[in-house]
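>>> What follows is a predicted protein model with its sequence.
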Amino acid sequence: MLIENIELTMSHLGLGNLSEYALMVLFGNAHSHHLVAGTGLAPDLLRDKNANALYPAYFMTRLSVPETVLLHSFKLWERVSVGVDVKRFGDTLLESRYILGREGEVAQDAQTWERQNLPTMEGNNLIVIENIDAVNVRRKVANPDPDCIAKLPKARVSPRGVTRSKIVRSRGFETHGVESQRVESQSFESKPPDAAARLEFANKKPFHYEVLPGRDAAPGHAMIFARFCEIMDAAEYQYFSREFTPALPDELITCFSVLDREVFYYGNCYAGETLSIHLRGSLQIFEEGELLDNCNYVRAAMLNLDFELFQHRNKSLLAMARTRKMVAIPMHKQDVISDLQRLVYFSSHS
Amino acid sequence: MNKVKSTINVVLEDIRQRNNYPEKALREDSKVVQHLGFSSLDVAELIALLELELGVDPFSQGVSIMDVHTVGELYRVYTDALAQTATVAMH
């Protein structure tokens, strides 16, 4: 187990508050440090016996954020504690848990992290050698030289993500829990726009996202795992601002706060590639917005989204994700709750 | 069949069944990836399960997973690792 105390700087957040991408990179940094703790080596010196460079490739992450500690509540220049606890299953599978809190807030006993009301993440990695040829990225499982990796405690059972990644790939995610409560049978006159509604949607054509050198992937390197979440957010923004009719205003879309995101990574890509992104989901408006204790925002709606990301040129699957977001409207923007209710009502009838 | 071979066969069969891979006769020259259809994740899980079942990890003793391709090579590295462990215990 490792806890790192750091300051959230402009390198992490730019001029904004904590984002999902920034948090996942912080977790990834702590994970990299943990893997070589006690070896005297830098994380990029993880090697096998033949001195091949190894890479702990994520094949599953699941981020969970409490409704009362949303990520944007962590501000620029704030000091935080980032915790990571890694176990190995065999030589090449890693099972990790992560936690973020204000400095000093993260418990020293990793067994209690699930009970802390703080953002956490589960992650599973496979240690691989990446072979890159002109066309494809191929990963081969490889075991690290014991002198190049920290002495990690052993897990006694296979990480949850091993089986789940196969199930999700073959069957997709389960359908969203509550049956549709669309108000399509109601007329506008008999059903005022502030009534509860649940809208289901999907993009008609996949979004295309160009992976640019520098912005998305360093030249010669695969895209960092956390970048997938930003690309999903970009697709989500594009959907709600351009395809959703009537379009949602930016001030509403920026109120979407991630509560849960489970991602399975089946491949990766390099700068120059184009990704195709499919999304579908549902938006559930709450009948009466709920003011959360000690928070300066109202819980107005819940957004569920499933994503599938493909490499455009050969249609190979790169990632699948299920995301749950809360529409958390700040107290000073309460007018937009009415906009949300009206737009969803009209959209469900169009 | 000795304990190492039977254990390896049982674990290979368990992973095959869980993944609904086609049944194939296990031969010593069967390649785990090319013939049995195991993915990288399957290979990683296989190694971890064999460590639990046989109580020995040849890959922490200098063997590279990249050098083990066939079922016969699996038999050999685990047999050798168990023999090495027994020798160390005797000394």
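All right, it came through fine. Numbers count the residues shown, from 1 in each chain, chains lettered A, B, ... in the order given.
>>> from here on, contacts and neighbour counts on C-alpha atoms
Noted.
>>> what's the neighbour count on the residue in chain B positioned nearest to chain A?
Minimum separation of chain B from chain A (C-alpha to the nearest C-alpha) falls at B:Ala48, amounting to 3.6 Å. Residues within reach of B:Ala48, counting by other C-alpha atoms under 10 Å in any protein chain shown, total 24.
>>> OK, contacts around the residue positioned nearest the centre of chain B?
Taking C-alpha atoms, centre = their mean, the centroid of chain B lies closest to B:Leu74, which sits 4.3 Å from it. Counting by C-alpha atoms under 8 Å, 6 or more residues apart in numbering or on different chains, B:Leu74 touches B:8, B:68.
>>> Do you know the pLDDT at it?
If you check B:Leu74, the pLDDT there is 96.
>>> who's in contact with the nearest residue to A:Phe27 once chain neighbours are set aside?
Computed as C-alpha to C-alpha, 6 or more residues apart in numbering or on different chains, the closest residue to A:Phe27 that is not its neighbour in sequence is A:Tyr98, at 6.5 Å. Applying C-alpha under 8 Å, 6+ apart, one finds that A:Tyr98 lies in contact with A:27, A:82-85, A:120-122.
>>> re earlier: what's the spacing between the residue nearest to the centre of chain B and A:Phe207?
45 Å (C-alpha to C-alpha, to the nearest Å).
>>> Quick check, A:Glu7 in contact with A:Trp77.
Yes - between A:Glu7 and A:Trp77 there is a contact at 5.8 Å, judged by C-alpha atoms under 8 Å.
>>> backbone phi and psi for B:Ala86, please?
phi -60, psi -40 (degrees, to the nearest 10).
>>> Next up, the contacts around the nearest residue to B:Gly62 once chain neighbours are set aside.
Distances taken as C-alpha to C-alpha, 6+ apart place A:Lys49 nearest to B:Gly62, at 6.8 Å, with adjacent residues excluded. Taking C-alpha under 8 Å, 6+ apart as the criterion, A:Lys49 is in contact with A:144-145, B:62, B:64.
>>> Also A:His33?
A:His33 neighbours (C-alpha under 8 Å, 6+ apart): A:42-43.
>>> what helix or strand does it sit in?
Taking DSSP states H and E as the criterion, A:His33 maps to helix A:20-35.
>>> burial of residue 45, as a residue count?
No chain specified, so I'll use chain A. Applying other C-alpha under 10 Å, I find that A:Leu45 has 16 neighbouring residues.
>>> Chain B is the one I meant
Around B:Glu45 there are 24 residues (other C-alpha under 10 Å).
>>> next one: A:Arg280
Counted with other C-alpha under 10 Å, A:Arg280 comes out at 17.
>>> Check the gap between it and B:Phe38 for me.
Applying C-alpha to C-alpha to A:Arg280 and B:Phe38 gives a distance of 32 Å.
>>> again with A:Lys166
Taken as C-alpha to C-alpha, the spacing of A:Lys166 relative to B:Phe38 amounts to 12 Å.
>>> Quick one: name the residues of the stretch 1-150 of chain A near chain B.
For the stretch 1-150 of chain A, the contact set with chain B under C-alpha under 8 Å from any C-alpha of the partner chain comprises A:48-49, A:89-93, A:126, A:139-143, A:145-146.
>>> ok, 10 Å please
When proximity is defined as C-alpha under 10 Å from any C-alpha of the partner chain, the stretch 1-150 of chain A approaches chain B at A:48-50, A:59, A:88-93, A:125-129, A:139-147.
>>> Assign a three-state SS to A:Lys151, would you?
At A:Lys151 the chain is in coil, as set by DSSP: H, G, I helix; E, B strand; the rest coil.
>>> Give me the nearest residue to the residue of chain A found nearest chain B, chain neighbours excluded.
Nearest to chain B, among the residues of chain A, is A:Gly90, at 3.6 Å (C-alpha to the nearest C-alpha). Nearest residue to A:Gly90, sequence neighbours excluded (C-alpha to C-alpha, 6+ apart): B:Ala48, at 3.6 Å.
>>> If I follow the layout properly, the one you found ends up in contact with A:Asn143?
No - using C-alpha atoms under 10 Å, B:Ala48 is not in contact with A:Asn143, being 11.3 Å away.
>>> Now do the shared contacts for those two.
A:90-93 (C-alpha atoms under 10 Å, 6 or more residues apart in numbering or on different chains).
>>> So which of those wins on neighbours?
That'd be A:Leu93 among these, by other C-alpha under 10 Å, with 28 neighbours.
>>> Specify the beta-bridge partners of that one.
Beta-bridge partners for A:Leu93, by DSSP bridges, are A:Phe89, A:Leu126.
>>> Next up, the contacts around residue 57.
Here I'm looking at chain A. A:93-94, A:124-130, A:139, A:141, A:224-225, A:265, A:267-268.
>>> Chain B was what I was after
A:90-91, B:47-48, B:50-51, B:63, B:77-78, B:81-82, B:85 are the contacts of B:Asp57 under C-alpha under 10 Å, 6+ apart.
>>> try it again with 6 Å
Counting by C-alpha atoms under 6 Å, 6 or more residues apart in numbering or on different chains, B:Asp57 touches B:Glu51.
>>> Give me the contact status of the one helix or strand B:Ser6 maps to with chain A.
According to DSSP H and E, B:Ser6 maps onto helix B:3-18. No - applying C-alpha under 6 Å from any C-alpha of the partner chain, one finds helix B:3-18 out of contact with chain A, separated by at least 8.9 Å.
>>> A:Leu71: neighbouring residues, count only.
Residues lying near A:Leu71 (other C-alpha under 10 Å) number 22.
>>> tell me the secondary structure for the closest residue to it other than its chain neighbours?
Nearest non-adjacent residue to A:Leu71, counting by C-alpha to C-alpha, 6+ apart: A:Leu18, 5.5 Å away. Under three-state DSSP, the three-state class of A:Leu18 is coil.
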